[in-house]
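Trainee: just a sequence and a predicted model for now, questions to come.
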Amino acid sequence: MKNEIKNAIRHLVTKAYEVFVTNKSDVSVVSLPGTVWEFETSVINHNDFANNFGKSYKLDMQLVESDPDVYNGSLRPLSTLFPHNKVSSYVLSRENVEYHEQQLSAAVVNKVKSNNIFAWFDFCGNPTTNDLHLINTALNKNVTYVFTFNTAWRCDTNVDPYVLNFSKITSKSVAIHAYLKTLADTLGLTVVWSFEYISNHNPMITVCVSNDANVLADKSFRYNNISLNKNQIVKSKNTSITKVKTVKRDLSAVYVDYKNKIDDNTIRAKHNISVQCLAAVKAWVTMGK
Ligand SMILES: C[S@@+](CC[C@H](N)C(=O)[O-])C[C@H]1O[C@@H](n2cnc3c(N)ncnc32)[C@H](O)[C@@H]1O
């Protein structure tokens, strides 16, 4: 693959997977292979290595694809000598690997066999409510989830309303980061990494959350380049990241009142702000914890 940064992200996710599976007897993987299938192949290779030369573990994979052309192009050919996609046929020939043409949903994640779930939600599209809320499938599980979203949406009709609102007073990447962090906190998950990158000229964010002891102990995965500094965010919006020219409201007085534990109604009346705006400020404060 020629896309260096995407190669590097794939490598990072694969390394996180290897750390995640250490000393586990069973692991489930959920992923969107698209047309590439490199991560899924490395998962199979890792399992083969462990089962032959290391500490064996049970593996099952749930893979999905919503685009019929991509799905059909990856299907294991049952009656032809010429596979459409040799890499996918290698993965799909394995036991305990399911591949379906459908939207990724909580039901897909809930189908996996193990309580140890490693998922790469490599959407690369807009942060929809359905996609973001997949984090809730981590409840009572041992997980490492990696999310990837686009941070330069033009059409925002499918963007989660909370993220959309918050992005208007901060930035798209901060809004996605803050929303996932808020949900992660309530689920007892830690944000392991959260950073922006440019892939094929598109700004993206990747956020990894986990409650797995192996992954949390490995400090080499800890990386965060999402600026929480309001001035830097405004500055970055005037550069190449989003090209949005909106003038930001100064919400510093709202932060001060919220931190001073003044009640919500008083803050909203005093500063003439909406419920959503106050919620966004709260999330922002939570991010700085
Ligand atoms: C960015 S690509 C995956 C790339 C791959 N993980 C890699 O390493 O290059 C995302 C793929 O998932 C599909 N996809 C995106 N969102 C989806 C969703 N919510 N449900 C199912 N498939 C989805 C897209 O059609 C695309 O083929």
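Mentor: Nice, I can see it.
Trainee: quick one, helices of the stretch 1-150 of the chain?
Mentor: 4-21, 38-53, 68-74, 86-92, 106-110, 129-132 (DSSP state H, counting those that start in this stretch).
Trainee: residues contacting residue 210?
Mentor: Residues near residue 210 by CB atoms under 8 Å, 6 or more residues apart in numbering: 20, 143, 144, 145, 189, 190, 192, 216. Backbone N, C-alpha and C define where each C-beta goes, glycine included.
Trainee: that one and residue 170: what is the separation?
Mentor: 24 Å (CB to CB, to the nearest Å).
Trainee: try residue 11
Mentor: Distance of residue 11 to residue 170, given as CB to CB: 30 Å.
Trainee: tell me where the model's unsure across the chain.
Mentor: For the chain, applying pLDDT under 70 flags the ranges 1-2, 76-85, 227-250, 276, 283-289.
Trainee: could you tell me which residues of it lie near the ligand?
Mentor: When proximity is defined as CB under 6 Å from any ligand atom, the chain approaches the ligand at 10, 32-34, 36, 38-39, 64-67, 70, 103-104, 122-125, 131.
Trainee: and the residues you listed, which of them are buried?
Mentor: For the residues of the chain next to the ligand, a neighbour count by 16 or more other CB atoms under 10 Å gives the buried set as 10, 32-33, 36, 38-39, 64-65, 104, 122-124, 131.
Trainee: who's in contact with the residue in the chain that the ligand sits nearest to?
Mentor: With CB to the nearest ligand atom, the shortest gap between the chain and the ligand falls at residue 34, namely 3.0 Å. For residue 34, the contacting residues are 65, 70, 122, by CB under 8 Å, 6+ apart.
Trainee: show me the contacts for residue 110.
Mentor: Counting by CB under 8 Å, 6+ apart, residue 110 touches residue 137.
Trainee: could you give me the ChimeraX syntax to select whichever of the contacts of residue 210 are buried?
Mentor: A single ChimeraX command selects the buried members of the contacts of residue 210 (16+ other CB under 10 Å):
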select :20,143,144,145,189,192,216
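Trainee: can you list the contacts of residue 210 in JSON lines and add distance to residue 87?
Mentor: Shown next, in JSON lines, are the contacts of residue 210 (distance: CB to CB, whole Å):
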{"residue": "20", "distance to residue 87": "22"}
{"residue": "143", "distance to residue 87": "26"}
{"residue": "144", "distance to residue 87": "23"}
{"residue": "145", "distance to residue 87": "24"}
{"residue": "189", "distance to residue 87": "31"}
{"residue": "190", "distance to residue 87": "33"}
{"residue": "192", "distance to residue 87": "28"}
{"residue": "216", "distance to residue 87": "32"}
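Trainee: closest to residue 155 among the contacts of residue 210?
Mentor: residue 145 (25.8 Å; CB to CB).
Trainee: if we can go back for a sec, tell me which of the contacts of residue 210 fall in strands.
Mentor: Members of the contacts of residue 210 lying in strands (criterion: DSSP state E): 143, 144, 145, 190, 192.
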